[in-house]
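> Mind looking at a prediction? Sequence and model below.
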There are 2 protein chains.
Amino acid sequence: MVAMERSVGFQSRSPVEQYLHDLLAQIATNTEGTVADYIPELAKANPEHLAVVVVTVDGKVYSAGDADVPFTIQSVSKPFMFGYALQEYGLETVLKKVGVEPTGDPFNSIVLDDVNNRPFNPMVNAGAIAMSELLRGENHAEREATQMDFFSRFAGRKLTMDQTVYQSESDTGHRNRAIAYMMLNSGMINGPTEEVLDLYFRQCSILVTARDLAVMAATLAAHGRNVITGEQVISPGNVRDVLSVMATCGMYDYAGQWMFDVGLPAKSGVSGGIIAVLPGQLGIAVYSPRLDSVGNSVRGIEVCKRFTRDFSLHAYVDRTDTRAVVRRMYHGDEVTSNRVRSQSEIQVLYQAGKNISVVEAQGPLHFGTAERLLRQASKVATSSDTLIIDFRRVAYADRAARMLLRQFVTERSATGCKVVFTEVCANDNLRGFEGAFAEEVASGQLAFVSDLDHALEAAENALLERHGLNHREEKLKLSELELFQGLSREEIAALEPLILSFNFKEGQTILKVGDEGRLIFIVARGSVSIHLGEPSDLARRIASVGPGQSFGEMALLDGGRRSANACADTPVLAYAFDVEEVRKLAQTRPRIMEVMLANMVRSLSNRLRAANDQIKALE
Amino acid sequence: MVAMERSVGFQSRSPVEQYLHDLLAQIATNTEGTVADYIPELAKANPEHLAVVVVTVDGKVYSAGDADVPFTIQSVSKPFMFGYALQEYGLETVLKKVGVEPTGDPFNSIVLDDVNNRPFNPMVNAGAIAMSELLRGENHAEREATQMDFFSRFAGRKLTMDQTVYQSESDTGHRNRAIAYMMLNSGMINGPTEEVLDLYFRQCSILVTARDLAVMAATLAAHGRNVITGEQVISPGNVRDVLSVMATCGMYDYAGQWMFDVGLPAKSGVSGGIIAVLPGQLGIAVYSPRLDSVGNSVRGIEVCKRFTRDFSLHAYVDRTDTRAVVRRMYHGDEVTSNRVRSQSEIQVLYQAGKNISVVEAQGPLHFGTAERLLRQASKVATSSDTLIIDFRRVAYADRAARMLLRQFVTERSATGCKVVFTEVCANDNLRGFEGAFAEEVASGQLAFVSDLDHALEAAENALLERHGLNHREEKLKLSELELFQGLSREEIAALEPLILSFNFKEGQTILKVGDEGRLIFIVARGSVSIHLGEPSDLARRIASVGPGQSFGEMALLDGGRRSANACADTPVLAYAFDVEEVRKLAQTRPRIMEVMLANMVRSLSNRLRAANDQIKALE
C-alpha cells in the first residue's frame, strides 16, 4: 500500500486524490516500454505524460496527473462500438458478424474464426471494422455524425477528432485495409469497403482525455447511464455483454494475467490509454504512452495493479452482503401501528401479535437477496396469518426476485397466510412491479397497501375483531371516554355543559402545527391521524386516534402552540373542551382535574412505552 | 424463463427447488453429446443421470434430479488443488510451477509455456500434475491422506475414492505419463514421477455427488469458509486467485462464450460435472455425463446458461448498492441521546444540535462504500464540531476502507471537527479495527466510544456546557426538582416530611422489571440509566436520568410492577416518596397532587415528543 502523507490543512486533497497523486509519483520513475510508432503521429506523444482518473457511478471525479491532456482513443473505442452495435441491432444479429472468443493471435491478426468465418471478437481490429459497418445513416457524413454523437454521449461532452492522426491512420493503415478486403472477400462485410475503413480510422482518432475515458468507463459501471448527464446510452443488458467481452479479450494476450492481477473488465489502446470497470461502483482510466511488447501501457498496467490491489477492487473480491436485505423483522407484539389503542386492545396485541409478521426489505432484490429475504420471511411468519413485506427501501427487484416473490405468495397462501406488500407505489425503483402480481392480487393471496403503518393497523384491527374487540362505530358517551375514566356520574354531569361537539369531514385538517389552541379533543366516532410533516404526507403519521381517545392535550399545560397536525381519516365526531373552562371548574371541584391528569399520565405513559418498544425494534 | 407450475399444497417445494425441477424436466430431453470413454470405467456412466444443486453461502441446499449419485470428480478437482498449493506455499512459489494464462490447446496438451517452461495454467493436466507434487507428507501414504483430507474439508464430509476408476486411470493414463515425464525432463517436477502421477490419478478418482460439488463451490463463494462445517479451508485471498483462473481457464476452449453466456468462474470435468461460483452468494453444481466436442457436459452447460439467465446471476450484472452504506444520517437537533433533559437543555439542543452529526454505517465497508460513506459524512458534518460514525451494523472493513477512514479523520481534525467511532468493540466483524487507529486516537483526533447513545450524550453535554448549561454536580434542593415546579414554599414544606433519601453506588440496580413498588424517585445528584433488557445490557437503555428528574413515576398510577430497570451510572443521591403518602396528603391539599401530575404530563409529553422525533429519524 502506498504510504500517504497526511493532509496539512483545510484545503487538502481528498483521501482518494491524495492516494492517486502519491501513486503516480512512485510510478513515474518507471520508464520502460516504447511509444507506439506504427503511425508517425502516435510516435509524437509525450512519453512522460501520466494520468489516472477514477469516477464513481454517482459522478464524483478523482484525478491525478495529466488528466486533461488529449490523446486519440484508438482501441479503447472498441468496446463502446460493440455496445453501439448491440444497442442498435441486438445480440443475435451482432453475433453473426463477430464472435466472443479470445484469440491467441495479435490484435491486428488477419485470421478469422474458421468455423463461422467471422472475426474472433470485437476487440481485435477485424471485429471492430465489422462493427463500423453497422453505423446507421443515409450517407457517409451521417454515419460519421452518428459515430461522433454516440461517443460524445458516452463521454458526456461533445468530442472531436484529431485530423492529423486520422490522416496518418488512413494513409498508412494498409494492414487494416487487408483485413477489410479479406472480410469483403469472405462476405463478412458488404458495404463500400473504403467508407467502412474510413469510419474505423475516424473512430480510432477521436480525441479524449483520461477524464473522458474514466467517465465512459464509469458509465459502463453505472449500467450504461451516463454518470454526468444521466442519459441512458446503452441498456444494462448490453453493458453486461460488453463487459464480458472486455473481461476475456480486452487486454490482448495479457487477459489471463490481467484477470488474475486486476480482475476487472478492461480495454487498452496503442495510444497508451486503459480503462477498467468495477460494475456498480466506478470507472478507472489511466494514460501513459509507453507500451509493453503486447501493446498495453506499461505504467497504465502498473497503476491499475497497484490501485486495485491497494483498494481490493478485484472482481472476485466479494462485496455482496445478502444479509443486509432484511432491514428489520418483527411481530405485531413487538411493534404496533401508530393507532392509539385502549388498554384491553394493547393486551390482545401483546398476547396475540405473533399472528402478524413484518419484514422490511432493503437494497437490491436479486436472486441472492430475494432468496434470503423469503427464507427469513418464512421463518418469522411460521405462526402468522398476515405477513407484511415492506418495499420502501428496495433499490430494485429484478425478474428473478419477482418470480421468487410470486411463488412465495402462493406458497404462503396455501398455509393460510395472507401476504401484504407495502410502499410499492411510492417507490420509483419499482415501476411495473405491482402489475407483475395481478394474478395473486385477483385471487386474494396478496394485497398492496400504500404504507406500512396502515397495513399494520388493518392487520391489528382484524386480529382484535377475531378476539371480540370489535371496532365500534356508534357514538361514545362521555362516561366512556378514556380521559373521564374514574369520574363519578355527578362529576361528569358538572363537566357536560363545558363540552363542545364538532363534526369533521374525511380529509379535513383539525389542528395544524404552530396554531394556537386551548381545546382538547376527544374522538367520539371515526379516526384521526396525528402527523408531523405536511398534512398530505400521511405516511409520516405518528399516531392514529380512535373512539374514546384524546388529542391536543398539550393545551392543558402551556396553552401554547400545536406541535403536530391532526387530520380526519374518516368522518369524525369529536368532543372538545376549553382548558381554561376546566381549570375554572377545578377551583371548586379539584378532583375532576386530578382524575383527568392522572388519566393523561396513564395514556402518555402507554404511548411512551409503545414508542420505546418501537425504537427498540427499529434499532 | 421456465414457466413454473404453481405449488398445490402445504408440503410444496420451495420456489427455487420447483424452478430447478422444472428446468431439469425441460433439459432432460436433450440427448446430444457422448459419455467420455478415454478410460473404460468412465464409459459406464449412466448417460441419463442429470442433477443440479444450488447451495447458498449460509448453507441452504436446493437440489433437483440425481443429486446424490456418486461420480468421480475428474478435472473439477483442479481449482481446489490449485487452492491447496496457494494455501500451503503462497502465490510466488506456486507461480514458478504454473502460469495463469489460458491456452488455445486442449486440456491434455503436452505444450508448456515456452518463455517460462511451465504449464500454461493449473486447469490443464500438466499444471494439475505440477500441483500434485506439492502435496505435503513424509511419504506417499501421507500425501494421499493429505489430499483426501483436503478435499473432504472442502466438501464438508469424508470423501472416498473410486478404486476401479483409479485403477483404470492409472492403467491407461499414458498421455498424462508423457506430460509428467516431459515436465521431469524440463525440471518442472522433481519428485518420483510415478508417485506424483499416482496422486494425480487418485485426485481425479475422488467420488463426489452433485451435492458435494455444490457445497465445494459454495465454499469458494463464501471466501473459503465451508458453508456446512464453518471451517476456513483456504484464505479469501487464495479463493480470489482460484476464481480468477477458473474465469479464464475453467471451461477449456469455451471460456469466452462461457464468460459471455454465464459469466461465472467455473470448472468442468470429463465425468460430466460442472461447478460455477457466484462470489458472496452461491455455488452451483450440475451433473450430466454426455460431453460436447470441447469436453464440457452438454446438459450441464445448458442448465447453467438457463439458470444464470433466468435469475440474472451473470458476474457483470451489478449487485452492489453503495447507497445502502449510509443507514441513517442526522444532527443532534433531530435525534437526541436518551438522556432526559430539562426544558432549557432541550431548547439548546434544538437550536445548536447541528454541531453534532451522526452517521450510521452498515454492510461491508470497501473502497466503493467507504468512499461514499465519507463523502456523505463530509456533507452532513459541514458545520459540526463532533461527528459520530456508528459501526454497529458494519459487516467488515477492508484495508481500503481503513485507509480512507484514517485519512478522513485527519482531514476532519484539520477543520476542527472531532470524530468518534462507536460500537466497534462489540462488533465481531471488526476485530483489530481499533488498533489501526492508534495514532489518530493518541493525537486526539479520534475517540472510540462503546455505544452510540453514550457518545451522543457526551457530545450533548459538551455542547450544553459551551452554552453555559453546566452539568451540576452539587446536590439539588427539593424546590429545584422538576416534579415540584410550581409548588409554593409552604406546599414543599408540607411534602418534606414524606421525602426519603437514598445513596446508590455506581453500577447498583435501583429498580428491576417486574418488581412491585410504590416509590417515585427523583435524582438529586448523579445519573441513572433506564433500560429494558438485562441489567448488564447498557447499550439498550431507553433513558438516562439526571439531577432534577424523576423515574418510577408509573407507581403513581397503578401501584403496579416496574416496567423497566433502573441502574446507577455514577454514585447517585436520590430522593423518593411513597405514592400512598402523597395521596393521603392530597386529601387535604389537592393542589399538590394536581401540580405534580401536571409536571408529570409535561415531562412525559416531552419524552414522547423526543421518542417520536427519534422514530421519525429512524425511519
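Nice, thanks for sending it over.

> what kind of secondary structure is the most centrally placed residue in chain A in?
For chain A, the residue whose C-alpha lies nearest the mean C-alpha position (Cα atoms, centre = their mean) is residue A:395; its distance is 4.1 Å. Here residue A:395 is strand, with the state taken from DSSP: H, G, I helix; E, B strand; the rest coil.

> For it, list the residues it contacts.
Counting by Cβ atoms under 8 Å, 6 or more residues apart in numbering or on different chains, residue A:395 touches A:362, A:363, A:364, A:365, A:429, B:321, B:323, B:324. (Each C-beta comes from the backbone N, C-alpha and C, glycine too.)

> Mind pulling up the pLDDT for it?
We note a pLDDT of 80 for residue A:395 in this prediction.

> Over to the one 10 residues further on?
Note on residue A:405: pLDDT of 93.

> what about it, distance to residue A:444?
16 Å (Cβ to Cβ, to the nearest Å).

> ok, the contacts of residue A:395 vs residue B:378, which is closest?
Residue B:378 has its nearest neighbour among the contacts of residue A:395 in residue B:323, at 16.1 Å by Cβ to Cβ.

> Is the closest one in contact with residue B:373, as I believe?
No: at 10.3 Å, residue B:323 does not count as touching residue B:373 under the criterion of Cβ atoms under 8 Å.

> Looking at the two, which is more packed in?
The residue with the greater number of neighbours, taking residue B:323 and residue B:373 and applying other Cβ atoms under 10 Å in any protein chain shown, is residue B:373; the counts read 27 against 15.

> Dihedrals phi and psi, that one?
The main-chain torsion angles of residue B:373 are listed as degrees, to the nearest 10 and equal phi -50, psi -50.

> residues from the stretch 351-500 of chain A in reach of chain B?
Of all the residues in the stretch 351-500 of chain A, those in contact range of chain B (Cβ under 8 Å from any Cβ of the partner chain) are A:362-364, A:366-369, A:371-372, A:374-375, A:395, A:398-400, A:403-404, A:407-408, A:410-411, A:414-415.

> Which two among the contacts of residue A:395 are spaced furthest apart?
Across the contacts of residue A:395, the two members that end up farthest from each other (Cβ to Cβ) are A:365 and B:323, 14.2 Å apart.

> Any regions of the stretch 51-200 of chain A where pLDDT drops low?
Applying pLDDT under 70 to the predicted model, the residue ranges of the stretch 51-200 of chain A that meet it are A:104-116.

> All the helices of the stretch 201-350 of chain A, residue numbers only.
In the stretch 201-350 of chain A, the segments counted as helices under DSSP state H, counting those that start in this stretch are A:210-221, A:236-249, A:255-261, A:298-310, A:343-352.

> Pull the residues that contact the second one.
Here helix A:236-249 makes contact (Cβ under 8 Å, 6+ apart) with A:79-80, A:82-83, A:86-87, A:91, A:100-103, A:120-124, A:220, A:223-224, A:234, A:255, A:259, A:265-267, A:277, A:279, A:315, B:247-248, B:255-256, B:259-260, B:263, B:314, B:316-317.

> Tell me the gap between that helix and the middle of its chain.
What separates the centre of helix A:236-249 from the centre of its chain is 21 Å, taken as Cα atoms, centre = their mean, to the nearest Å.

> what number of residues lie near the one residue in the stretch 151-300 of chain A that gets nearest to chain B?
Scanning the stretch 151-300 of chain A for the residue nearest chain B gives residue A:280, at 3.2 Å (criterion: Cβ to the nearest Cβ). Applying other Cβ under 10 Å, we find 19 other residues in the vicinity of residue A:280.

> The one 3 residues further on too?
Summarising burial for residue A:283: neighbours were counted as other Cβ under 10 Å, giving 26.
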